[in-house]
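Colleague: How does the following fold in three dimensions:
(2 chains)
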Amino acid sequence: MTTTPLATRHSPLATSPGPLVELRAVSFGYGGEPTLDNVDLTVARGEFLGLIGPNGSGKSTLLNIILGLLKPTGGDVRLFGRPSARFGERWRIGYVPQRLSTFDAQFPATVEEVVGMGRFARLGPFRRPGAADRAAVARALDWADMTAYRERRIGRLSVGQQQRAFIARALAGEAELLILDEPTAAVDAATQEEFYHLLERLNREAGLTIILVEHDLAMVAAHVAAIALLNRRIVFRGTPQEYAARDFLHGIYSEQTTCAVHPEIPHVHAAHEGVAAGASHSHPPHHIRHTHGATDPRAHGER
Amino acid sequence: MFDLLRDLLFDYTLRNVALGSAVLGIVSGVLGSFAVLRRQALLGDTLSHAALPGICLAFLLTGSKDLPVLLLGAGIAGWLGTALILRIVRDTRLDQDAALGIVLSAFFGFGIMLLTFISKRNDANQAGLDKFLFGQAAALVTRNVVTLAIIGGVALAVVVLFYKEFKLLAFDADFSASLGFNTERLSVLLTSLIVAAVVIGLQTVGVVLMVAMLIGPAVAARQWTDRLGVMLGLAAFFGALAGVSGAILSVEASRLPTGPMIILALTLIVIISLYLAPAHGLVWDWARNRRHRRNLQAPPPLMP
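Modeller: Just a heads-up that it's a prediction; the model follows:
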């Protein structure tokens, strides 16, 4: 597909050897039950992490805290080794929002212009994009395989293409950490496969660190190397295989949850069907009760 | 035609009116585009109505009818109106449109009351404040036009300086915030510029019809292009075109009030754009549909 190197990236590890995201005892909430309670999460450079949580688990809140849109009411957030409040280079985190969540489909902007917006934060005030910026945009379009659509109005793209355009926007800004919020929520299976393929290439070939936020574990398990399960706090952190060996799944999700695992990784397949509540797992964390019994997490749309 | 051109260049009144209306059209075209894209068009309506008590109070306090003084009062009142709307939306359960309605009618009612109070004072100096209701461009003198041009020039310069930030804000405020931009401050800045555009239009089109100058050029321009930069340029052009032709109609032809004439000219431009603009125009849509229907009719339909 493409061979151009993505960007004149400072070599990974050179800039900050530590983890890109470090949350320590992060809480969020005003009175009552907190949305987030003592969340500890570390994301190392080069990781491809699935951050999974059912609706109401606080994953949007966590996402907004990492993006700097919300301040935690307690705990410590460090990004690229610096405290979040003093982390000014926000463009190093490329955010791919949920489909149609924020922008107006009628907005007069072509794909190329939208991807170009990824450069704006790097430019600084009062400066206009130059040749280097245009080159970065062209590279990003190429990587996301969106060059053919660059003159198309963003609102006229299909959902899958819009996601690619937003990825290209993050790439244009030379983001090192890509955060995607339920990117495949409304695309068909074939498009999803292509999409995950792109993410895998970005992770492996371009060295991007990726956090994929999903509420459906089955969707992610086949593609990511590591998962973190969120339900107000991190209830599991490890590989999908390790997870499949344990029995948390049942408590958080449904009576029927299937965990499919990446074909290249030693195959562990776990199916939980109709296990009576509390019968098979020895220590169900008590705080995951709230969502117990939901048969299909997708049925409870957050939007 | 030649007479008209000569008048535009040499007739004192017409030249001022045309220039003042052109400045208004350009500035409100550009800032109205941002207002429309951010779905804040009605904010402009509230701002302009809220300006009326500001004008009256400025006159009552200073006794001066100097345009800069009155416009300063208008600007401050418009600003207070905006702040009040933001407060209401934040601190109560009212939606933005309810807040807009409340602020608009409260400020405008207060303004009309002040206007009546002033006109009953039997003061020789009081005449003419009511021209701000529907605008009276014929009263513009060269000094006024210079004032308007300075306000407009500053507003446009700020748009040029912050173009990429405003573009990002209008497209996706959340993404803009995630990049580290201060969206709140940018939003306040953009709204202030809309206040400036409204202030420029008060004498020419008046508080009642000013919102059309924000919405009309933007809506017309949107039909012709899918690029923001082109849209801003076209909106400025359409705004200026409507301003100048409305001004000519009102001054030359019939001594009709300028504001309504400008708005009528603008409405014509909007209608033409809605129907005839390529890619978006309703006429082409209709022709395309007809062609498709005919193509569909040729082979036997697949479904009954």
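
Colleague: contacts and neighbour counts: CA atoms only from here.
Modeller: OK.

Colleague: confidence score at residue 135?
Modeller: I'll assume chain A. Residue A:135 carries a pLDDT value of 93.

Colleague: try chain B instead
Modeller: For residue B:135, pLDDT reads 81.

Colleague: what sits against it?
Modeller: Going by C-alpha atoms under 8 Å, 6 or more residues apart in numbering or on different chains, residue B:135 touches B:202, B:203, B:204, B:205, B:206, B:207, B:257, B:258, B:259.

Colleague: now those residues as TSV including pLDDT?
Modeller: Shown next, in TSV, are these (pLDDT from 0 to 100):
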residue	pLDDT
B:202	89
B:203	85
B:204	86
B:205	89
B:206	89
B:207	89
B:257	79
B:258	82
B:259	86
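
Colleague: A strand includes residue A:27, no?
Modeller: Yes. Counting by DSSP: H, G, I helix; E, B strand; the rest coil, residue A:27 is located in a strand.

Colleague: and it, how many neighbours does it have?
Modeller: 24 (other C-alpha atoms under 10 Å in any protein chain shown).

Colleague: what does residue B:111 give?
Modeller: The burial count for residue B:111: 21, using other C-alpha under 10 Å.

Colleague: quick one: which of the contacts of residue B:135 sit in strands?
Modeller: With DSSP state E as the criterion, strands contain none of the contacts of residue B:135.

Colleague: Neighbour-wise, which one of those leads?
Modeller: Of the contacts of residue B:135, with other C-alpha under 10 Å as the count, residue B:205 tops at 33 neighbours.

Colleague: quick one: contacts for the nearest residue to that residue once chain neighbours are set aside?
Modeller: Of all residues not flanking residue B:205 in the chain, residue B:259 sits nearest, at 3.5 Å (C-alpha to C-alpha, 6 or more residues apart in numbering or on different chains). By C-alpha under 8 Å, 6+ apart, residue B:259 lies in contact with B:134, B:135, B:136, B:137, B:204, B:205, B:206, B:209, B:246.

Colleague: which one among the residues you listed gets closest to chain A?
Modeller: residue B:209 (25.7 Å; C-alpha to the nearest C-alpha).

Colleague: Secondary structure element for the closest one, which one?
Modeller: helix B:206-222 (DSSP states H and E).

Colleague: Quick one: residues contacting residue 165.
Modeller: No chain specified, so I'll use chain A. Per C-alpha under 8 Å, 6+ apart, neighbours of residue A:165: A:111, A:114, A:115, A:141, A:144, A:146.

Colleague: my bad, the chain I had in mind was chain B
Modeller: Residue B:165 neighbours (C-alpha under 8 Å, 6+ apart): A:120, B:176, B:181, B:186.

Colleague: Residue B:166 is in contact with residue B:186, isn't it?
Modeller: Yes. Assessed by C-alpha atoms under 8 Å, residue B:166 is found in contact with residue B:186 at 7.2 Å.

Colleague: Tell me which of the two has more neighbours.
Modeller: residue B:166 (21 against 15).

Colleague: Give me the distance between that one and residue A:56.
Modeller: 33 Å (C-alpha to C-alpha, to the nearest Å).

Colleague: Those residues of chain A touching chain B, which are they?
Modeller: For chain A, the contact set with chain B under C-alpha under 8 Å from any C-alpha of the partner chain comprises A:67-69, A:88-91, A:93, A:95, A:97, A:102-104, A:107-110, A:117, A:120-121, A:125-126, A:128, A:153.

Colleague: Now do the SS call for residue A:39.
Modeller: On the basis of three-state DSSP, residue A:39 is classed as strand.

Colleague: Number of residues surrounding the closest residue to residue A:65 other than its chain neighbours?
Modeller: Closest residue in space to residue A:65, ignoring its immediate chain neighbours: residue A:71 at 5.9 Å, by C-alpha to C-alpha, 6+ apart. Per other C-alpha under 10 Å, the neighbour tally for residue A:71 reads 19.

Colleague: can you tell me the helix or strand for residue A:24?
Modeller: strand A:21-28.

Colleague: Show me what that strand is packed up against.
Modeller: strand A:36-43, strand A:74-79 (3 or more C-alpha pairs under 8 Å, 6 or more residues apart in numbering or on different chains; DSSP states H and E).

Colleague: ok, for the residue in chain A that chain B sits nearest to, nearest residue in space, not its chain neighbours?
Modeller: At 4.3 Å from chain B, residue A:108 is the closest residue in chain A, using C-alpha to the nearest C-alpha. Of all residues not flanking residue A:108 in the chain, residue B:226 sits nearest, at 4.3 Å (C-alpha to C-alpha, 6+ apart).

Colleague: In contact with that neighbour, which residues?
Modeller: A:107, A:108, A:109, A:110, A:153.

Colleague: how does it look with 10 Å?
Modeller: Residues in contact with residue B:226 (C-alpha atoms under 10 Å, 6 or more residues apart in numbering or on different chains) are A:106, A:107, A:108, A:109, A:110, A:151, A:152, A:153, A:154, B:279, B:280.

Colleague: Tell me the secondary structure at the third one.
Modeller: It refers to residue A:108. Applying three-state DSSP: residue A:108 is coil.

Colleague: pLDDT wise, what is it at?
Modeller: 91.

Colleague: my guess is it meets residue B:37, correct?
Modeller: Yes. Using C-alpha atoms under 10 Å, residue A:108 makes contact with residue B:37 at a distance of 8.7 Å.

Colleague: Give me the common contacts of the two.
Modeller: Common neighbours of residue A:108 and residue B:37 (C-alpha under 10 Å, 6+ apart) are B:171, B:222, B:228.

Colleague: The stretch 151-300 of chain B against chain A: which residues are in contact?
Modeller: B:158, B:160-165, B:167-168, B:170-181, B:222-223, B:225-231 (C-alpha under 10 Å from any C-alpha of the partner chain).

Colleague: Buried only: go through these for me.
Modeller: B:162-165, B:167-168, B:170-181, B:222-223, B:225-228, B:231 (16 or more other C-alpha atoms under 10 Å in any protein chain shown).

Colleague: before we move on, which element is residue B:246 in?
Modeller: helix B:228-248.

Colleague: With residue B:193 instead?
Modeller: helix B:183-201.

Colleague: In CSV, list the C-alpha atoms belonging to that helix.
Modeller: Below are the C-alpha coordinates for helix B:183-201, written out as CSV (Å, rounded to 0.1, in the frame of the first residue of the first chain):
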residue,chain,number,x,y,z
THR,B,183,-11.6,26.8,23.5
GLU,B,184,-13.4,28.9,26.1
ARG,B,185,-11.2,32.0,25.4
LEU,B,186,-11.4,31.5,21.7
SER,B,187,-15.2,31.2,21.9
VAL,B,188,-15.4,34.5,23.9
LEU,B,189,-13.2,36.2,21.4
LEU,B,190,-15.3,35.0,18.4
THR,B,191,-18.5,36.1,20.1
SER,B,192,-17.0,39.5,20.8
LEU,B,193,-16.2,39.9,17.1
ILE,B,194,-19.8,39.0,16.4
VAL,B,195,-20.8,41.8,18.8
ALA,B,196,-18.5,44.1,16.8
ALA,B,197,-20.3,43.1,13.5
VAL,B,198,-23.7,43.8,15.1
VAL,B,199,-22.5,47.2,16.3
ILE,B,200,-21.5,48.1,12.8
GLY,B,201,-24.9,47.2,11.5
